[in-house]
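# Sequence first, then the predicted structure:
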Amino acid sequence: MGPTQAYPRGNGMIHDLERHLMGISGILVAPFDEAGHFTSKPLVPIIDRAIDAGIHNLVANGNTGEFYALTSSETETFIRSTAEIVDDRIPLLAGVGKSVVEACSLARISKKAGAFALMIHQPPDPFVSPRGFVDYVKHIRDASGGLPLILYIRDDTIGIDAIAELCSIDTVKAVKWATPNPMQLAKAMKGSPDHIIWIGGLAETWAPAFYAVGARGFTSGLINVWPEQSAAIHYALETGDFQAARNLIAHMSPFEEIRSEEMNGTNVTGVKTALQIMGLDCGAARPPAAWPPTLAQRSSLLEFIIANELLDSFPAAEEAQG
């Protein structure tokens, strides 16, 4: 399917969605204007470039999209406006989470907006229980109107049995595995239903390790800045050329290293600073993320962008921002 061909809905949707989930899940940034309000305008060139580069699906309301820093109203606007921009060209996934009431409400809104599937954030509640997480997902399933569900696992201490029970929920189709523990991932895969798709949830850097134990595809925040590199890494992994994948990852590792600083508090900072340098201002990262970037962080990102000839990536950025 070419990058400009509309994504087909209908009886074959679930099968095609599975194929796209095995690709790159691009986690979109949440742009803010000068007053700190959410604005979708800067997303237009980001989304268009990602689709042209061959990114397989996009995610609104993910962690690179500052999900936990957004109000409920902003998360609703995020999915609605993103669905309009994507316009069914590739599958759009909607992140849902926070309280079970908010998660169910956003699930219903996301379905109405045109999301193809829901990505369920693992609850960060300090008193979450494994069986409570199962109930949480079942409530969202009941509110989703039958949309496929993708579990976002960031804490594997809930145990293999709990993960297997979560994967046995009828509309759960995939797991984004976001813990740096490939061997635990292998155990989870062995103990869960065969139909589940396992996706590397720690971006390009960890993708080779997850591929080695059987995962397919990976999440990416890099797609906001350099989607062509993400697509090249995915191609190398899919063709079994791990050395090429490692070489390509080495070229983008300075970007990910900056995003991992300050206890990962610069994850969004790195993306938004890079976009700002490239001429597409998406505003500040909201507290508790680190903002503004340090002089050293900004200098490193500028060097990275110049070295990889990314300064002219958004020639229509001013028009997009109005």
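Noted; the coordinates are in hand. Everything quoted here is computed from the prediction, not taken from an experiment.
# Got the confidence number for Gly2?
We have a pLDDT of 40 for Gly2.
# what's the answer for the one 3 residues further on, then?
Per-residue confidence for Gln5 comes out at a pLDDT of 46.
# Setting aside sequence neighbours, what's the nearest residue to Asn181?
Asp156 (6.0 Å; Cβ to Cβ, 6 or more residues apart in numbering). Quick note: C-beta positions are derived from backbone N, CA and C, even for glycine.
# How about the backbone phi and psi for Thr75?
Dihedral pair for Thr75: phi -60, psi -40, per degrees, to the nearest 10.
# quick one: it from Thr294, how far?
Relative to Thr294, Thr75 is positioned 29 Å away (Cβ to Cβ, to the nearest Å).
# these two touch, right, Leu93 and Phe116?
Yes: with contact defined as Cβ atoms under 8 Å, Leu93 reaches Phe116; the gap is 6.5 Å.
# shared neighbours of those two, anything?
Common contacts of Leu93 and Phe116 (Cβ atoms under 8 Å, 6 or more residues apart in numbering): Asn57.
# So between those two, which is more surrounded?
Leu93 (30 against 25; other Cβ atoms under 10 Å).
# if I pick Leu92, what's in contact with it?
Applying Cβ under 8 Å, 6+ apart, the residues near Leu92 are Asn57, Leu58, Val59, Ala60, Ile79, Thr82, Ala83, Val86, Gly114, Ala115, Phe116.
# So which of the residues you listed belong to strands?
Asn57, Leu58, Val59, Ala60 (DSSP state E).
# Let me have those in TSV, adding neighbour count, distance to Pro287 and pLDDT as columns.
Output for these, formatted as TSV (neighbours: other Cβ atoms under 10 Å; distance: Cβ to Cβ, whole Å; pLDDT from 0 to 100):
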residue	neighbour count	distance to Pro287	pLDDT
Asn57	25	30	98
Leu58	26	26	98
Val59	29	23	98
Ala60	29	21	98
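# Rebuild those residues as a markdown table, extending it with distance to Ile277.
As requested, those are exported to a markdown table (distance: Cβ to Cβ, whole Å):
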| residue | distance to Ile277 |
| --- | --- |
| Asn57 | 27 |
| Leu58 | 23 |
| Val59 | 24 |
| Ala60 | 24 |
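# Where does pLDDT dip in the chain?
Low-confidence segments of the chain (pLDDT under 70): 1-15, 316-322.
# The same query, at a cut-off of 90, please.
When residues are selected by pLDDT under 90, those of the chain lie in 1-17, 315-322.
# rewinding a little: my guess is the residue nearest to Asn181 meets Ala188, correct?
Yes: using Cβ under 8 Å, Asp156 is in contact with Ala188, at 7.2 Å.
# quick one on the thing from earlier: contacts only, for the residue nearest to Asn181.
Counting by Cβ under 8 Å, 6+ apart, Asp156 has contacts Ile163, Trp177, Thr179, Asn181, Gln184, Leu185, Ala188.
# again, only this time at 7 Å
Asp156 makes contact with Thr179, Asn181, Gln184 under the criterion Cβ atoms under 7 Å, 6 or more residues apart in numbering.
# ok, and the most crowded of those?
Gln184 (18 neighbours).
# hang on, that residue is in a helix, isn't it?
Yes: according to DSSP: H, G, I helix; E, B strand; the rest coil, Gln184 belongs to a helix.
# Contact partners for it?
Asp156.
# Going by neighbour count, list what's buried in the host helix or strand of Ala250.
In this structure, Ala250 sits in helix 242-259 according to DSSP states H and E. Within helix 242-259, the residues that qualify as buried by neighbour count (16 or more other Cβ atoms under 10 Å) are Ala245, Leu248, Ile249, Met252, Pro254, Phe255, Glu256, Ile258, Arg259.
# Spatially nearest residue to the third one (excluding sequence neighbours)?
Okay, so that is Ile249. With Cβ to Cβ, 6+ apart, the residue lying closest to Ile249 is Glu204, at 5.4 Å.
# Could you do the first one as well?
The spatially closest residue to Ala245, leaving aside those adjacent along the chain, is Ala236, at 3.9 Å (Cβ to Cβ, 6+ apart).
# tell me, how many neighbours does Gly26 end up with?
27.
# mind checking how far the residue nearest to it when sequence neighbours are not counted is from Gly270?
Once flanking residues are discounted, Gly26 sits nearest to Ile223: 3.7 Å by Cβ to Cβ, 6+ apart. Going from Ile223 to Gly270 by Cβ to Cβ gives 13 Å.
# same deal with Leu202?
Distance from Leu202 to Gly270, by Cβ to Cβ: 15 Å.
# higher neighbour count, Thr75 and Thr294?
Thr75 (28 against 15).
# returning to that earlier point: ok, Leu202 and Gly270, which is more surrounded?
Gly270 (29 against 18).
# Now for the closest residue to the more buried one other than its chain neighbours: which residues touch it?
Of all residues not flanking Gly270 in the chain, Arg259 sits nearest, at 3.9 Å (Cβ to Cβ, 6+ apart). By Cβ under 7 Å, 6+ apart, the contact set of Arg259 is Thr266, Asn267, Gly270.
# How about Gly95?
When contacts are counted by Cβ under 7 Å, 6+ apart, Gly95 touches Val59, Ala60, Asn61, Gly62, Phe67, Met119, His121.
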